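>>> Here is a sequence together with a model predicted from it:
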Amino acid sequence: MRHHRKVLIFHTEQREEVVNITCHVEDVIRKSGISEGIALVFPLHTSSAVFINDSDFGITRDWQSVLEKLVPVDGGYIHDRTDPKKNAYGHLRSVLSGHHICFPVTDGKPDFGTYHTVYYIEFDGQREKEIVIKVIGE
Amino acid sequence: MRHHRKVLIFHTEQREEVVNITCHVEDVIRKSGISEGIALVFPLHTSSAVFINDSDFGITRDWQSVLEKLVPVDGGYIHDRTDPKKNAYGHLRSVLSGHHICFPVTDGKPDFGTYHTVYYIEFDGQREKEIVIKVIGE
Amino acid sequence: MRHHRKVLIFHTEQREEVVNITCHVEDVIRKSGISEGIALVFPLHTSSAVFINDSDFGITRDWQSVLEKLVPVDGGYIHDRTDPKKNAYGHLRSVLSGHHICFPVTDGKPDFGTYHTVYYIEFDGQREKEIVIKVIGE
């Protein structure tokens, strides 16, 4: 069995922002030298998430609107009484967005459909954030 | 390490439909010859999802009702202004449903509880859709 | 390739309860003897879930409030017409909470960020429930 680990570092300009990280993910898989296996894209934070969706960037703004409706920024959260960053909404939206993803690696590439796009969604940015990509296989 | 990959193909009659795929998943694990490992059930589309739930089919209709409430079909989505399929709701419901699942493989079988059932939920069907099952282990 | 499996058993006092299981997860990884790989924390039930979030317990109460708003206990669910436990809300909240998690194992430890905490959320407790932790790697 082989394994490979790479940390991607992001510093978003906005507090909430969506970044298409598909090319980074593809690059890590290519450089891993692993042909067949499973990969994990795992943010080292709980106020951001990684999710898969359509390649149209409009859909990411729609997802942000859904999140704003379901988990408003100012929802009277208990967490915000003690945390000066008042980022409870970000922690909650991270769970709703699925936090991390797994995907199959086949023939040395992510085993994606035509429109599969990997997005990093940041809810408490403007500081350095890290995402681990871990691949195991052979 | 061994690996095994199988593509399941579905063509749902309805645009939105839920299919119990547990027996297919079990069959793929059995045929993989892998006793101990991890498996991934991964739709090659972003307008469908795979999720685990109770074996009662009523609960899947309840899940569809929850999705209809949280992400209505016609929500004035940005994506629908440019995509003639107007399937934004499907892409958004896919994220909320978790898109894909992982599960442990133990003693050559999915390591499920008594009522664990694997569902494929389609939001933009009536055309051919694919799900990859990837198993790695030994 | 090596593999390791451990079952955690819980019996919550409340019907709905959140338990911080991070130390159990760390302990299982340590005892697995696996340095590099992928781990899965997978409840053997569909009325509970495992999710990652901030180490502040307040955020878990916020998550419960979000769930109560999005999937109320008494939502007129079809499942509850036939299941005397009337736990449809629990099955639905399990999907919304993501059901299970994966994480990278690096240097013999969970590859977590500073505040990463693993929570088990129970929606139909007061009876014995099991969570499988499966690790594969080397």
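Looks like it came in fine.

>>> tell me which element the residue located most distally from the centre of chain A falls in.
In terms of distance from the mean C-alpha position of chain A, residue A:81 ranks first, at 26.8 Å (Cα atoms, centre = their mean). Here residue A:81 sits within helix A:79-82, counting by DSSP states H and E.

>>> now that helix, how far from the chain's geometric center?
25 Å (Cα atoms, centre = their mean, to the nearest Å).

>>> Put the alpha carbons of that helix into CSV.
C-alpha atoms of helix A:79-82 as CSV (Å, rounded to 0.1, in the frame of the first residue of the first chain):
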residue,chain,number,x,y,z
HIS,A,79,-21.6,29.6,20.8
ASP,A,80,-21.5,33.3,19.9
ARG,A,81,-22.0,34.3,23.5
THR,A,82,-18.5,33.2,24.4
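
>>> What residues sit buried inside it?
Residues of helix A:79-82 classed as buried: A:79, A:80 (neighbour count, 16 or more other Cβ atoms under 10 Å in any protein chain shown). The C-beta positions use only the backbone N, C-alpha and C, and glycine is treated the same way.

>>> by contact count, what packs against it?
helix A:88-96, helix C:57-70 (3 or more Cβ pairs under 8 Å, 6 or more residues apart in numbering or on different chains; DSSP states H and E).

>>> and the ones you listed, which is most packed in?
Counting by mean count of other Cβ atoms under 10 Å in any protein chain shown, helix A:88-96 has the highest mean neighbour count of those, with a mean of 26.

>>> Okay, angle between that one and helix C:57-70 too, please.
70 degrees (axes from the mean of the first three to the mean of the last three Cα atoms, to 10 degrees).

>>> Not counting residues beside it along the chain, what's closest to the residue most central in space within chain A?
Note on chain A: the residue nearest the mean C-alpha position is residue A:50, at 1.7 Å, using Cα atoms, centre = their mean. Spatially, and ignoring its direct neighbours in sequence, residue A:50 is nearest to residue A:41 (4.7 Å; Cβ to Cβ, 6 or more residues apart in numbering or on different chains).

>>> So what are the sheet partners of the helix or strand hosting that neighbour and their directions?
Assigned by DSSP H and E, residue A:41 belongs to strand A:37-43. Next to strand A:37-43 in the sheet, as set by DSSP bridges, lie strand A:101-106 (antiparallel), strand A:129-137 (antiparallel).

>>> Reformat the ones you listed as TSV; add mean neighbour count.
Listed next are the strands paired with strand A:37-43 as TSV, based on neighbours: other Cβ atoms under 10 Å in any protein chain shown:
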stretch	mean neighbour count
strand A:101-106	22
strand A:129-137	23
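
>>> Pipe these into CSV and attach mean pLDDT per row.
Shown next, in CSV, are those (pLDDT from 0 to 100):
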stretch, mean pLDDT
strand A:101-106, 98
strand A:129-137, 98
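
>>> Looking at those strands, spot the one closest to residue B:72.
strand A:101-106 (25.6 Å; Cβ to Cβ).

>>> in stretch A:48-57, what's buried?
Applying 16+ other Cβ under 10 Å to stretch A:48-57 flags A:48, A:49, A:50, A:51, A:52, A:53, A:54, A:56 as buried.

>>> as a whole number, average confidence for it?
The average pLDDT within stretch A:48-57 is 97.

>>> So which bits of chain A are right by chain B?
A:1, A:36-38, A:51-54, A:56, A:58-59, A:61-63, A:65-66, A:70, A:96-98, A:101-104, A:106, A:111-117, A:136-138 (Cβ under 8 Å from any Cβ of the partner chain).

>>> any idea whether residue A:14 is helix, strand or coil?
coil (DSSP: H, G, I helix; E, B strand; the rest coil).

>>> Can you give me the neighbour number for it?
Other residues within reach of residue A:14, judged by other Cβ atoms under 10 Å in any protein chain shown, total 9.

>>> how near is it to residue A:115?
Counting by Cβ to Cβ, to the nearest Å, the gap from residue A:14 to residue A:115 is 25 Å.

>>> try residue A:90
In terms of Cβ to Cβ, residue A:90 sits 27 Å off from residue A:115.

>>> same deal with residue A:12?
Distance, residue A:12 to residue A:115, using Cβ to Cβ: 24 Å.
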